[in-house]
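Visitor: using only what follows, build the 3D model:
(4 chains)
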There are 2 protein chains.
Amino acid sequence: MYRLLLVEDDTSLGYLLSEYLKMKGMDVVWVKEATGVLPLLEERAFDLLVLDVMMPDMDGFSLGAQIHERYPRIPFLFLTAKSMKIDVLKGFSVGAVDYLKKPIDEEELVVRIETLLSRLGPAEESTDAIARLGRYQLDSQNQCLLLDSEEIPLTSRENELLAFLYRHRNRLCTHGDILKRIWGRNDYFNRKSLNVFITRLRKHLDEDPELRIENVHGQGFIFRVPE
Amino acid sequence: MYRLLLVEDDTSLGYLLSEYLKMKGMDVVWVKEATGVLPLLEERAFDLLVLDVMMPDMDGFSLGAQIHERYPRIPFLFLTAKSMKIDVLKGFSVGAVDYLKKPIDEEELVVRIETLLSRLGPAEESTDAIARLGRYQLDSQNQCLLLDSEEIPLTSRENELLAFLYRHRNRLCTHGDILKRIWGRNDYFNRKSLNVFITRLRKHLDEDPELRIENVHGQGFIFRVPE
DNA sequence: AATTAGATTAATGAAAGGTTAATTTTCTTA
DNA sequence: TAAGAAAATTAACCTTTCATTAATCTAATT
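Guide: Below is the predicted model of the structure:
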């Protein structure tokens, strides 16, 4: 869950935004004054700060500058009515990651925040993860199977097919699905080709009897992998 | 130097922006049509794409969606006159990192681009230290390989290629990645050139059988270096 | 038993990769 | 700025790889 700090002196806008963001599943702290933000950052961790620029007790820019100085890794964005060019540039120059002009649409704000956080956030699940396959590991990125310390290179088709079967492990993969996805076309010859590759994969996975590519007559294959 | 691709059909705005961005020290390619963008991405590497939404030959959103599907790691932003809420959300939903509304101030655009790119991070880990490579050492700075007390000079291409392979050691480097990064362009002749340099590097690294540049058929190369 | 689907092994040919040599381009230095 | 050297690119030729096709055999379904 994302933790946001909203610094906005306007009561109605502040309320509206904080409620909306909470509704979208975010953990929101709303404060009405710039004073006290720095000590708060000392106390609690936030993923993103949303700062109003025009506040009675302090200029949002100088708050942003202070934050950037002290906590250069905390991302923050400005929310403001001042939309003149010079202000936008100033906002970015003190280290903001975005600058939104009022009137701000709440939905757009949420989407922008989510986009920012997902990019900044904990490195999203990498596609180059190595999949566990019984005694084996499938390193799809490097197109190979690992068995103990041995490395078994895969051809592109073998790799694609095995990755597909793995993604749908323990579920029926019909010929049609496999062929359309990997060969691009479901016809007689490609179906023959698929058989050849099923044989090859079975041979590659021979060392672990728990891993089985089972045929479902007339339907397709199920790749059995103990969970 | 940042490499940008600007896709904008409006001649005057396109010219203005591309010149301004170039002036700011960016390497800008400006194309007027959405058609041909995907093949271009196959050929050349870009750090960021700036896409117009309204183009005569294709909807910018569907272009963005296609790019995101095929190259999920390339960041892109939309530039548009359509500022209705629904469009902003659509832009982000196909994977954009920002959405700017016309009339766009060039200075603001540059600042936003710079902010984005600097956050998207250090594109490359630098190889300024001397790298240990089995019996060898790679001194990229001085463009040479050291073997015992012997010093083997490298040409700049050899050096760039070996440094690239070293940075990505034990992982598959596709032809596309290598060619786009080092040759700047992925085409038939450069692919041939790459082969020649692979041969030369193998010859240079001949003294240590643990160091192998392995080919992955149809994909690229893996530089095997014991950790 | 007949028929269809699947498995296996082997053969083939196009595409990709490797190597060496020739040619062009770029850089130096006179 | 022209000659010579160095480097990169292109060309030519050869080898390897691998998806497909073919041929043959086995299992399932009716």
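
Visitor: give me the phi and psi angles of residue A:150.
Guide: phi -80, psi 150 (degrees, to the nearest 10).

Visitor: what's opposite it in the beta bridge?
Guide: residue A:147 (DSSP bridges).

Visitor: equivalent analysis for residue A:54, please.
Guide: residue A:59.

Visitor: what is the neighbour count of the closest residue to residue A:225 other than its chain neighbours?
Guide: Among residues not flanking residue A:225 along the chain, residue A:169 sits closest, at 4.4 Å (Cβ to Cβ, 6 or more residues apart in numbering or on different chains). Using the backbone N, CA and C atoms, a C-beta is placed for each residue, glycine as well. Neighbour count of residue A:169, defined by other Cβ atoms under 10 Å in any protein chain shown: 17.

Visitor: residue A:169 contacts residue A:214, correct?
Guide: No - the criterion here is Cβ atoms under 8 Å, and residue A:169 misses it with residue A:214 at 11.4 Å.

Visitor: and residue A:2, how close does it get to residue B:77?
Guide: From residue A:2 across to residue B:77, the span is 22 Å (Cβ to Cβ, to the nearest Å).

Visitor: also residue A:114?
Guide: Distance, residue A:114 to residue B:77, using Cβ to Cβ: 16 Å.

Visitor: ok, those two, which is more surrounded?
Guide: Taking other Cβ under 10 Å, residue A:114 and residue B:77 do not tie; residue B:77 has more neighbours (20 against 16).

Visitor: tell me the phi and psi of the closest residue to the more buried one other than its chain neighbours?
Guide: Distance criterion Cβ to Cβ, 6+ apart; nearest residue to residue B:77, sequence neighbours excluded, is residue B:98 at 3.9 Å. Main-chain dihedrals, residue B:98, degrees, to the nearest 10: phi -160, psi 170.

Visitor: the one 3 residues further on now?
Guide: The phi/psi pair for residue B:101 (degrees, to the nearest 10) reads phi -100, psi 140.

Visitor: still on that earlier bit, just checking, the residue nearest to residue B:77 touches residue B:78?
Guide: Yes - shown here, residue B:98 and residue B:78 form a contact pair, counting by Cβ under 8 Å, at 7.5 Å.

Visitor: count the neighbours of residue A:167 for me.
Guide: Residues within reach of residue A:167, counting by other Cβ under 10 Å, total 12.

Visitor: my error: substitute residue A:149 in the last question.
Guide: Close neighbours of residue A:149, defined as other Cβ under 10 Å, add up to 5.

Visitor: equivalent analysis for residue A:218, please.
Guide: Residue A:218 has 7 neighbouring residues, counting by other Cβ under 10 Å.

Visitor: quick check: which element contains it?
Guide: Here residue A:218 sits in a region with no helix or strand, counting by DSSP states H and E.

Visitor: likewise residue A:176?
Guide: If you go by DSSP H and E, residue A:176 is part of helix A:175-178.

Visitor: now do that helix, average pLDDT.
Guide: Average pLDDT, helix A:175-178: 92.

Visitor: which is the next helix or strand following that helix?
Guide: Immediately after helix A:175-178, counting by DSSP H and E, sits helix A:188-204.

Visitor: report the mean confidence score over that next one.
Guide: Rounded mean pLDDT across helix A:188-204 is 96.

Visitor: if we can go back for a sec, who touches both of residue A:169 and residue A:214?
Guide: By Cβ atoms under 8 Å, 6 or more residues apart in numbering or on different chains, residue A:169 and residue A:214 have these common neighbours: A:223-224.

Visitor: quick one: residues contacting the residue nearest to residue A:161 when sequence neighbours are not counted.
Guide: Counting by Cβ to Cβ, 6+ apart, residue A:161 lies nearest to residue A:197, which is 5.3 Å off, once chain neighbours are set aside. Contacts for residue A:197 were tallied using Cβ under 8 Å, 6+ apart; they are A:157-158, A:161.

Visitor: the residue nearest to residue A:225 in helix, strand or coil?
Guide: coil (DSSP: H, G, I helix; E, B strand; the rest coil).

Visitor: then the one 4 residues further on?
Guide: The three-state label given to residue A:173 by three-state DSSP is strand.

Visitor: which outside residues touch stretch A:2-14?
Guide: A:17-18, A:21, A:25-34, A:37, A:40-41, A:44-52, A:54-56, A:60, A:63, A:79, A:102, A:113-114, A:117.

Visitor: dump the contacts of residue A:197 to TSV, plus pLDDT and distance to residue A:227.
Guide: Formatted as TSV, the contacts of residue A:197 follow (pLDDT from 0 to 100; distance: Cβ to Cβ, whole Å):
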residue	pLDDT	distance to residue A:227
A:157	96	27
A:158	96	23
A:161	96	21
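
Visitor: most neighbours, which of those residues?
Guide: Counting neighbours by other Cβ under 10 Å, residue A:161 comes out on top of the contacts of residue A:197 with 25 neighbours.

Visitor: circling back to that earlier point, now, the contacts of residue A:197 that are in helices?
Guide: Here DSSP state H is the test, and the contacts of residue A:197 give A:157-158, A:161 as lying in helices.

Visitor: neighbours of residue A:119, how many?
Guide: A count of neighbours around residue A:119, defined by other Cβ under 10 Å, yields 15.

Visitor: what are the phi and psi values for residue A:186?
Guide: Dihedral angles (degrees, to the nearest 10) for residue A:186: phi -100, psi 90.

Visitor: quickly note the distance from the nearest residue to it once chain neighbours are set aside to DNA strand C.
Guide: Of all residues not flanking residue A:186 in the chain, residue A:179 sits nearest, at 4.0 Å (Cβ to Cβ, 6+ apart). Plainly put, residue A:179 is 11 Å away from DNA strand C if you go by Cβ to the nearest atom of the strand, to the nearest Å.

Visitor: can you pull the contacts of residue A:179?
Guide: Per Cβ under 8 Å, 6+ apart, neighbours of residue A:179: A:185-187, A:190-191, A:194.
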